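[1] Take a look and give me a structure for this.
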Amino acid sequence: MDHLRPVPPEEPAPAGSPGAGGQTDLADLLRRSARGDEAAFARLYDLTCARAYGLALRVVRNPSHAQEVTQEAYLDVWRHSARYDEARGSVPALLLTIVHRKAVDRVRSVESSTQRESAWEREARPVDHDATVETVHASLEGHRVRGALAELTTVQRQAIELAYFGGYTHAEVATLLDVPLGTAKTRIRDGLIRLRDTLGVGS
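    Model prediction:
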């Protein structure tokens with residue numbers, strides 16, 4: 001049974017259906033289905049699909065998923081119809097048990113998929129703790145730099161702070177410190193060398 005007709009909306013059970021006392025007829029239809037009688041299986045489907053779909057819909061709460069769950073359940077019934085033992089339960093009980101199990105599996109599968117997507121979105125986008133780590137790292141680096149600046153001479157520190165923290169050009173630093181341009185450049189260069197050695201940059 002490779003294809004089943006679309007499941008109609010749930011409606012009152014027709015004559016001969018499980019709700020109308022037709023269990024013996026359903027068992028006979030299932031036995032005939034086990035012998036490859038597709039017409040018998042189609043009749044079984046027509047008599048029971050409304051209830052099966054109704055149960056699936058109540059569990060999955062999605063019409064499209066309910067349709068798929070119902071048809072998967074009927075395919076299982078078709079494939080394993082030869083194993084049916086009337087003494088172990090009625091055809092409706094068998095069918096609705098399969099539908100319920102598949103519906104619950106579908107709900108779990110959808111929830112699992114949703115959780116995976118949510119987890120991926122959380123991992124893909126920048127998160128607050130990343131910014132926190134970067135802030136802490138920058139703070140620690142800033143602490144190291146301030147410590148290294150304290151190791152400079154006063155004139156070196158003044159020149160470095162004006163050039164790299166104040167944003168002034170070498171010529172402007174020379175003017176602000178009232179020293180020749182060459183002297184300002186020397187103080188900046190010597191200060192940078194000392195900073196590099198103190199911070200271990202390039203070592």
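[2] What average pLDDT does the one helix or strand residue 100 maps to get?
    Under the criterion of DSSP states H and E, residue 100 resides in helix 91-124. Helix 91-124 carries an average pLDDT of 83.
[3] any idea how far residue 77 lies from residue 98?
    Separation of residue 77 from residue 98 (CB to CB, to the nearest Å) stands at 7 Å. Bear in mind the C-beta positions are built from the backbone N, C-alpha and C, glycine included.
[4] what do you get for residue 54?
    For residue 54, the distance to residue 98 equals 15 Å [CB to CB].
[5] next one: residue 193
    Taken as CB to CB, the span from residue 193 to residue 98 is 80 Å.
[6] Grab the nearest non-local neighbour of the residue of the chain most remote from its centre.
    Within the chain, the residue lying farthest from the chain centre (CA atoms, centre = their mean) is residue 180, at 64.0 Å. Leaving out its chain neighbours, the residue that sits closest to residue 180 by CB to CB, 6 or more residues apart in numbering is residue 174, at 6.3 Å.
[7] show me what contacts that neighbour?
    Going by CB atoms under 8 Å, 6 or more residues apart in numbering, residue 174 touches 180, 181, 183, 184, 185.
[8] any idea how far the residue most central in space within the chain lies from residue 111?
    Central residue of the chain (CA atoms, centre = their mean): residue 117, 1.4 Å from the mean position. To residue 111, residue 117 is 11 Å away according to CB to CB.
[9] Can you check which residues contact both of these two?
    Here residue 117 and residue 111 share no contacting residue, scored by CB under 8 Å, 6+ apart.
[10] Tally up the residues packed near residue 56, please.
    Close neighbours of residue 56, defined as other CB atoms under 10 Å, add up to 29.
[11] Please apply the same query to the one 5 residues further on.
    Counted with other CB under 10 Å, the burial measure for residue 61 works out to 11 neighbours.
[12] give the contact list for it.
    By CB under 8 Å, 6+ apart, residue 61 lies in contact with nothing.
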